[in-house]
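Visitor: Sequence below, structure please.
(one chain, ligands or ions: 1)
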Amino acid sequence: MLRRSNVWALGLLLLLPAAAVAGEPLFDTERGHPWDEARNAFYVRRFSTGEVFDHPHAVAPPWNEYSQFNFDPAFHANVLSRLDAVEELPAAQMEEQPAVRRVILLRDLWAAFDGLHQLHNHWERRPDVNGALRRGVARRDELLYRLARVMKRLELTEEEVRALPNAFQVIVDRKLYPTSFDSEMASKQFFPSDLLDESGPWLTYSDQQQPHAGGEAHMAFIQHRSVFTLHLRTPDGRDGGLKFFQDYIKADRRLDIPPRSTLALLNRAIVPTRSGKLLVSPLVESLQMIVVTPPNDHRFKFMLDRRGLLAGNFGLKALGNDDPADFSSFGDAFLWGHPNEPRKKDVDGETFITGKYSRVQDMPRAFDVCVRCHRETLRTNLFGRGGPLMPHVQSDSQKVDATVLAKKAATDAWKSYLRLRATQSK
Ligand code: HEC
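Guide: Residues are numbered from 1 along each chain as shown. Coordinates of the predicted model:
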């Protein structure tokens, strides 16, 4: 019979693998690399329960109020020292590192910069008790400054951005997946490597006539650090798609999407460059697809696989039924629950992930959430936004990209970054 202490020991053993996975090194084979330490300071979150949260596909850190970063002096000092350790590295371990390594840390820290920056307005409304708020603001500003200095050294040249791995090209070269959905295939996984071919079967569209990237809700949620575009492929290819749009508009948007059509939402990373300009890169950060197969659609989702990308692989992971939903993207916004629903907080006052979860395992699975917005079958719901919208073909991808870059460049967060990055020393 197992004694109580043995049960405890067994419990601890079972817990070990889960704990070991959190904060796994990304930039080195060993733990402790300064880049990993800096990234983990923002992306690995320890709760007062001892649970550790480290989401494999998060595109932003798992914090809401960033309370400890700004109001806990010891925590703050620890984060600063990790950023300092990166800043002190010689050029060979920073500027001269391969672009694909730099872009990962740069973009992950950028999300932290934007997250911390966003707090400002929220704080201004708080009463300042004994100067605690003033000290919090000073700590926050110190973090933004250090982040900007580190980010500046990681920026890519414009040529490096253009040469980043392009999943569409890699797939064609390595013939990794079939290009379209085949209901007869045992494994239905596919990757539409022809998605962006100008004369291919896919149409890019949005709900506006002028150049516009259609994924507005997704872009706004991540503060325009990526471009989200909408794409449709009907069984009759490009011509079939154009005809469908015409018929759809004529029928006042009450026309079913042809069965076996595929809808896609493509997310490509924006990258800060050494010239201070923002560029849209070929790096795919996610690709979501819905294949219209009444009565139940098929859904697919690829997410950036940082480790795979660093190893020179395809760089995207096809999510399966066990992969968790991603709290950091708009697609899972409703994980936050109704605004009137009370949010659970940890003892430090920091909201649990989306006000509910303290462990990745507890979160819903990625594919369980799609129906919440898209239903089992799309039918006429072309844009998934609660009502079918007027489709316009977007044929000039450069102009589309430029609209998103202009939007990001005009934000206070980006302007602060440019200002801080220009400050030589304090
Ligand atoms: C919170 C609601 C929500 C959830 C959940 C959601 N989506 Fe969407 N989805 C949207 C919205 C809104 C758009 C329109 C684009 C925009 O405004 O960003 C969209 C667009 C899309 C598109 C482009 C075609 C179209 O219909 O507009 C695809 C494909 C898609 N989503 C797939 C998925 C998949 C796959 C999942 C689950 C893994 C999912 N979505 C979960 C809200 C959601």
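Visitor: Can you give me the buried ones in stretch 178-186?
Guide: 178-181 (16 or more other Cβ atoms under 10 Å). Bear in mind the C-beta positions are built from the backbone N, C-alpha and C, glycine included.
Visitor: and of those residues, the nearest to residue 300?
Guide: If you rank the buried residues of stretch 178-186 by distance to residue 300 using Cβ to Cβ, residue 181 comes first, at 8.3 Å.
Visitor: can you pull the contacts of that closest one?
Guide: 188, 190, 260, 262, 291, 298 (Cβ atoms under 8 Å, 6 or more residues apart in numbering).
Visitor: hey, where'd the helices end up in the stretch 301-426 of the chain?
Guide: In the stretch 301-426 of the chain, the helices defined using DSSP state H, counting those that start in this stretch lie at 306-310, 370-374, 397-409, 412-422.
Visitor: Give me the contact list for stretch 163-178.
Guide: By Cβ under 8 Å, 6+ apart, stretch 163-178 touches 99-100, 103, 156, 185, 189-191, 193, 195-196, 269, 271, 281-284, 287, 302, 309, 314-316.
Visitor: Kindly recompute the last result at 7 Å.
Guide: Taking contacts as Cβ atoms under 7 Å, 6 or more residues apart in numbering, the residues outside stretch 163-178 that touch it are 99-100, 103, 189-191, 193, 195-196, 281-284, 309, 314-316.
Visitor: Around the ligand, pick out the residues from this protein.
Guide: Within the chain, the positions near the ligand by Cβ under 6 Å from any ligand atom are 214-218, 228, 230, 263-265, 288-290, 299, 301, 331-334, 366-367, 369-370, 372-374, 382-385.
Visitor: show me where pLDDT drops low in the stretch 201-350 of the chain?
Guide: Scanning the stretch 201-350 of the chain for pLDDT under 70 picks out nothing.
Visitor: which residues of the protein fall in strands?
Guide: 45-46, 52-53, 203-206, 226-233, 262-272, 278-291, 298-304, 316-318, 392-393 (DSSP state E).
Visitor: Next, the angle helix 412-422 makes with the longest one.
Guide: Our comparison of strand 278-291 with helix 412-422, counting by axes from the mean of the first three to the mean of the last three Cα atoms, to 10 degrees, yields an angle of 140 degrees.
Visitor: now the fifth one
Guide: With the same axes, to 10 degrees defining the directions, strand 262-272 sits at 30 degrees from helix 412-422.
Visitor: From the contact counts, what lies against strand 262-272?
Guide: Other elements packing on strand 262-272 under the criterion 3 or more Cβ pairs under 7 Å, 6 or more residues apart in numbering; DSSP states H and E are helix 99-124, strand 226-233, strand 278-291.
Visitor: looking at those, which is buried most?
Guide: Greatest average neighbour count among the helices and strands packed on strand 262-272 goes to strand 226-233 (a mean of 24), per mean count of other Cβ atoms under 10 Å.
Visitor: Listing partners with orientation, what would you give for that strand?
Guide: When pairing is defined by DSSP bridges, strand 226-233 lines up against strand 203-206 (antiparallel), strand 262-272 (antiparallel).
Visitor: Of all those strands, which one is nearest residue 344?
Guide: Here strand 262-272 is closest among the strands paired with strand 226-233 (Cβ to Cβ), at 29.3 Å.
Visitor: So of the buried residues of stretch 178-186, which two are at opposite extremes in space?
Guide: Using Cβ to Cβ, the two most remote members of the buried residues of stretch 178-186 are 179 and 181, lying 9.3 Å apart.
Visitor: what's the overlap in contacts for those two?
Guide: Residues within reach of residue 179 and of residue 181 at once, by Cβ under 7 Å, 6+ apart, are residue 190.
Visitor: okay, now residue 318: neighbour count?
Guide: By the criterion of other Cβ atoms under 10 Å, residue 318 has 17 neighbours.
Visitor: Pretty sure it sits against residue 302.
Guide: Yes: between residue 318 and residue 302 there is a contact at 5.5 Å, judged by Cβ atoms under 7 Å.
Visitor: one step back: just the buried residues of the residues of the chain next to the ligand.
Guide: 214-216, 218, 228, 230, 263-265, 288-290, 299, 301, 331-332, 366-367, 369-370, 373-374, 382-384.
Visitor: So what are the structural domains in the chain, by residue number?
Guide: The chain resolves into domains spanning 4-154, 165-323+365-409 when parsed by automatic domain parsing.
Visitor: centre of the chain versus the last one, how much separation?
Guide: Translated: domain 165-323+365-409. 14 Å (Cα atoms, centre = their mean, to the nearest Å).
Visitor: Thank you, goodbye.
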